[in-house]
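**Q** need a structure here:
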Amino acid sequence: MKNYSPVIEFDGANGVGALKMKDAIKHLEETLVINMHNDDIMNTEKLNYKCGADFVKSNQCPPTGMAIKPHSKYVSVDGDADRIVYSFVDENNKFYLLDGDRIATL
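**A** Coordinates of the predicted model:
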C-alpha cells in the first residue's frame, strides 16, 4: 500500500479513553504510531472541553489541542470512551467525519 501511513492522532477527550489508550499503545507500537492528544485526565475541568467524539461530531470540526494536517488520520473518543469518531481533512482543509454508526457498518 503505497500511500498507507501507520500514524494515528488520538483525541482522548481528557478522559478514561486516554488512560486506556496509553496502555494499548504498548501492544500496538510495532504496527501503529499513536500520537496522544487531550490526555490530561487529572484535570476534570478539561473533560470533553472542546474535544472528544461529541464535540467533533456536533461541531463538524477537529478537536482543539491537535495540529491538523491534510490526510492525517484522527480518532476521537468521548470522556468515558463509549463513542468514537474518525476524521480527516483533505488538501483543501475540508473536514470529513465517519461517526461510530458509519464505522460499525464497515
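
**Q** so what's Ser5 up against?
**A** 71-73 (C-beta atoms under 8 Å, 6 or more residues apart in numbering). Any C-beta I mention is one placed from the backbone N, CA and C, and that applies to glycine too.

**Q** now the helices: where do they sit in the protein?
**A** Taking DSSP state H as the criterion, the chain carries its helices at 16-28, 52-59, 100-105.

**Q** Need the nearest residue in space to Gly12, chain neighbours excluded.
**A** Of all residues not flanking Gly12 in the chain, Ala18 sits nearest, at 2.6 Å (C-beta to C-beta, 6 or more residues apart in numbering).

**Q** What distance do you get for the one you found to Leu47?
**A** As defined by C-beta to C-beta, to the nearest Å, Ala18 lies at a distance of 10 Å from Leu47.

**Q** same question, Glu91
**A** According to C-beta to C-beta, Glu91 stands 33 Å off from Leu47.

**Q** who's more crowded, these two?
**A** The residue with more neighbours, out of Glu91 and Leu47, is Leu47; 18 against 7, by other C-beta atoms under 10 Å.

**Q** Please state the backbone phi and psi of that one?
**A** phi -60, psi 120 (degrees, to the nearest 10).

**Q** residues contacting it?
**A** Under the criterion of C-beta under 8 Å, 6+ apart, the contact partners of Leu47 comprise 13-15, 79.
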